Structure formats: structure tokens, C-alpha cells
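> Here is a sequence with its predicted model. Questions after.
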Amino acid sequence: MQNTGDLLPLKTTDKLEMYGCGDEVHFRAESGSAAGTAPFVPPNPCQPNDATACMYPNDAAAAAGASIQTFRLADAASGPRDADAIAVICVTAASKNSEGQDRQNLDLLGADIPWDQYSRTVVWVVSPGPVLMPFASKVNSILLSSLPGEMGGAAFADNLFGRTNPVGHLSLTMPNSMDETSVRVNADSDDYSEGVEVGYRWYQANNKHPNFAFGWGLSYAKLMNIVAATLNQPSTATRSSVSITLQSVDVPGRTFSELDQVVQLYAQHKSRSFAQLTGFAKFRNLQTGEPVTADIEFDLPKEWGSAVGDKSGWASGWVPVTDYTLFVSLHGVEDLRPLVSVRLGGSITWEQDFSQQGPMHFDQDVVVQQRNSVRQFESHMLVV
């Protein structure tokens, strides 16, 4: 999610201080049929190269051969112990998911650590849903997992040391504050006045910027090009696809044993002020530098055929959208690139003419800089 100063990936020769990255980081069921059960701990100790299950980052980092000192999360309040060490701090949601009720807050345990005391910091956030990360501007790198299991520690270490390349993207929005939402529920009823502008759609429609937006995700491979695209004929009455050809651009000094990238496809009806995710695909084995082609299937856009406030709208049906634009993105909903506009039963207009304009370039550093600039501007406006 964040890698300021390119701190990641680390070297196994780096000195690490790891806080809260042992059994504190594992999720336990607090209600429901699994309540009260202890987590299953694999009987075999962690082995390098993911040879065995490895739950905790402490054990996985040690198995990888790293020089580490381990501490409880509470000890981070008085750190660092070694000013030359890199701090790796693991934090979890303060309010856990349970059956039959919502989480009580979006806080993280350890969010109030005196982050300014650390010169180089990696944070692993473990959460079942949206959480607040007010410390984001004070740390270098943030990795996120939802519900890591027996291989959670190993997966974290693989990303931490660059054994694998991060390829995940947010399937939700990380807000700036707990009440940052379009949904307003009355004490005894709900009129759904927000309509379809919920989640990331509301942020787009109102030109708001959350802490981390839907679809956001970073990679160690920073330069990618889409070199070609084709809009395929609908495969059914409701489905179509776009063929995308993606190519990784060589960066001096960086090599990857394997390299994948997810391309996201969004559709925006011309009558709406937001786009919505309509498909995605993982492009595999990009490390050779050769172009890779994959199809991204999507549902042909439709709208419910009733007017706002129509009391009998439930009896309506889906109506095809006659005018829409498809966008592509490698970094989520805040970095959409127009690809092709479609009029149902009519014309197709390519917004990116690859034969004339050449490849569509994606430079991760530029995208990150643009994201940060928008938020810095907004924070200055709030102060004024």
C-alpha cells in the first residue's frame, strides 16, 4: 500500500526490530461457532523458502536468515532499541468481526505508537475490513493482509524481503475518519437517500479522497505499458471482454524471478459521475519483458428501469446502458485511463489509439506522487 523512499524490499542482512509480530498478530474468533477455540499452530518449525507453514512474521523472518530482535507491541512505545535497525511493527484491528453485529470502531491496536521516534518503519496491518491509519504519513512502508492463516507469516516475509512481488489490490476503501461515508441511518428507519453512490462510488461522485482508495496497490515493478487492446464481440447477451496486452519495462538493477500484475477494468455510464469496477485479470510471467495478453471479461452495463422515488419500481427490470466508457487501471479507481467508448448498437470510439499514440504508460512513482499531492493540497485547505 505504501513504500516511501523505496524501503522495501529489505535485505536479510538488515538489522530488524520486530514489535507485535508474534502471537499477538493472529486473529482469534470472538463469537460464533469458533469462539473460544485456540488457533492451530503447525507442529513443524518454520523453514526457509516456504517449506512449512509459518504463522508469525517473527518466525518467518528468522527462518529467512534475517537478524532480528523481537518485542511485544506495547514495547514499541519506548523504542527503538537500536537506532540503526529497521522497525517492523505489526498491528491488528481493535474491534474484531463477529456474527450478528458490526465492529464498534475502525481503530488499530498500536495506532498511537510514537512513530516519529523511528527513522525507518515497516507496518503490517492485519484487519478484516476498513481501518483508520492516521500514522501513514509517518512511516515508510505499509503492507496489508485481511485474514492471514497458517502461511500468513511466510507470505509477509516473502513480500518483506522481495522473494515475491506484491500484486494485491484493495477490495474496499480505507477512510480518513470513521464517519466518512455517504450512508446516514435514522434511528428507526433508512430511506437509502445515497442511492447507488455508496463506497468508492461516493468518493468519486463527490470528488473526495480517502486515505487509501478502492483498487489501490503497489508493486516492486514500477513501469508497465499496455501496448494493445481489442474490444471483443459480446460472448453472450450479457457478457463481453477486452483483450489487453501488457508489458513490463526493464528497470536497471531490478530483476524478478516471477512477476505478475493485475489490470482492472471500470465502466462509467455517461449519465453518472462515477465509474465502477466491472472486471479484472492477473497477467502472469511478465518478468521476461515479453508482452502478455489476457482477456478481461465484464458484464455489459445495465440500469434498473425505474425512476427515483417510484413506489412500484420493484416491478421494473434491467435496461441496457446505451452509452458508456471503459477505463483501465493498474492502481485503482483514482487512476483511471480512458480506453474505449461504446454506444450500444452503434459506434465504438477508441480513446487510446495505440497505432497513433503508442503504448499507454504506467509509472508507479508518478501515480504515487499525484496521489500524495492531492492529499497534501486538501490538508492545507483544511488548515486554512
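All right, it came through fine.

> quick one: the helices in the stretch 101-250 of the chain?
Listed in chain order, the helices of the stretch 101-250 of the chain (DSSP state H, counting those that start in this stretch) span 152-160, 200-205.

> so what secondary structure elements neighbour the last one?
Okay, so that is helix 200-205. Where contact means 3 or more CB pairs under 8 Å, 6 or more residues apart in numbering; DSSP states H and E, helix 200-205 is not packed against any helix or strand. Where you see a C-beta, it was placed from the backbone N, CA and C, and this is true even at glycine.

> switch to 10 Å and redo it
Counting contacts by 3 or more CB pairs under 10 Å, 6 or more residues apart in numbering; DSSP states H and E, helix 200-205 packs against strand 276-283.

> one step back: which of the helices of the stretch 101-250 of the chain sits closest to Thr12?
helix 152-160 (9.4 Å; CB to CB).

> just checking, what packs against that closest one?
helix 57-63, strand 86-92, strand 121-126, strand 141-145.

> Distance from the first one to the middle of the chain?
Looking back up the chat, that one is helix 57-63. Computed by CA atoms, centre = their mean, to the nearest Å, the chain-centroid distance of helix 57-63 equals 24 Å.

> which outside residues touch the very next helix or strand once past that helix?
Proceeding C-terminally, helix 57-63 gives way to strand 67-71 as the next helix or strand, assigned by DSSP states H and E. Around strand 67-71, the neighbours that count as contacts under CB atoms under 10 Å, 6 or more residues apart in numbering are 12-22, 56-59, 61-62, 78-82, 85, 87-89.

> again, 6 Å this time
Lys15, Leu16, Glu17, Met18, Tyr19, Asn58, Ala61, Ala62 (CB atoms under 6 Å, 6 or more residues apart in numbering).

> Figure out which of the helices and strands packed on helix 152-160 is closest to Val368.
strand 141-145 (12.2 Å).

> That closest one pairs with which strands?
Within its sheet, strand 141-145 is paired with strand 2-3 (antiparallel), strand 121-126 (parallel), according to DSSP bridges.

> just the ones you listed: most buried one?
With neighbours taken as mean count of other CB atoms under 10 Å, those reach their highest mean count in strand 121-126, at a mean of 25.

> so how far is that one from its chain's centroid?
14 Å.

> For stretch 88-102, list the C-alpha coordinates in CSV.
Output of stretch 88-102 as CSV, limited to C-alpha atoms (Å, rounded to 0.1, in the frame of the first residue of the first chain):
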residue,chain,number,x,y,z
VAL,A,88,8.8,-3.8,11.7
ILE,A,89,5.6,-3.2,13.6
CYS,A,90,2.5,-5.5,13.3
VAL,A,91,-0.9,-4.0,14.2
THR,A,92,-4.4,-5.5,14.2
ALA,A,93,-7.9,-4.2,14.3
ALA,A,94,-9.0,-3.2,17.8
SER,A,95,-12.6,-4.3,17.2
LYS,A,96,-13.0,-7.7,15.7
ASN,A,97,-15.7,-9.0,13.4
SER,A,98,-18.4,-11.1,14.9
GLU,A,99,-21.7,-12.7,13.9
GLY,A,100,-24.8,-10.5,14.3
GLN,A,101,-23.2,-7.1,14.9
ASP,A,102,-20.9,-4.6,13.4
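
> Of all the residues in it, which ones are buried?
Neighbour counts over stretch 88-102 (16 or more other CB atoms under 10 Å) mark Val88, Ile89, Cys90, Val91, Thr92, Ala93, Ala94, Ser95, Asn97 as buried.

> Could you list the low-confidence segments of this structure?
27-39, 182, 184-185, 252-253, 346, 379-384 (pLDDT under 70).

> and the nearest residue to Ala93 once chain neighbours are set aside, how many neighbours does it have?
Sequence neighbours aside, Ser127 is the residue nearest to Ala93 in space, at 4.3 Å (criterion: CB to CB, 6 or more residues apart in numbering). Per other CB atoms under 10 Å, the neighbour tally for Ser127 reads 24.

> need the strands for the stretch 151-300 of the chain, in chain order.
For the stretch 151-300 of the chain, the strands defined by DSSP state E, counting those that start in this stretch cover 223-231, 239-248, 261-269, 276-283, 292-299.

> for this structure, which helix is longest?
Across the chain, the longest stretch assigned as helix under DSSP state H is helix 364-383.

> Give the burial count for Pro291, as a bare number.
For Pro291, the count of nearby residues is 16 (other CB under 10 Å).

> is it true that it touches Thr245?
Yes. Using CB atoms under 6 Å, Pro291 makes contact with Thr245 at a distance of 4.9 Å.

> Number of residues surrounding the nearest residue to Asp363 once chain neighbours are set aside?
Spatial nearest neighbour of Asp363, excluding adjacent residues (CB to CB, 6+ apart): Leu223 at 5.9 Å. By other CB under 10 Å, 17 other residues sit near Leu223.
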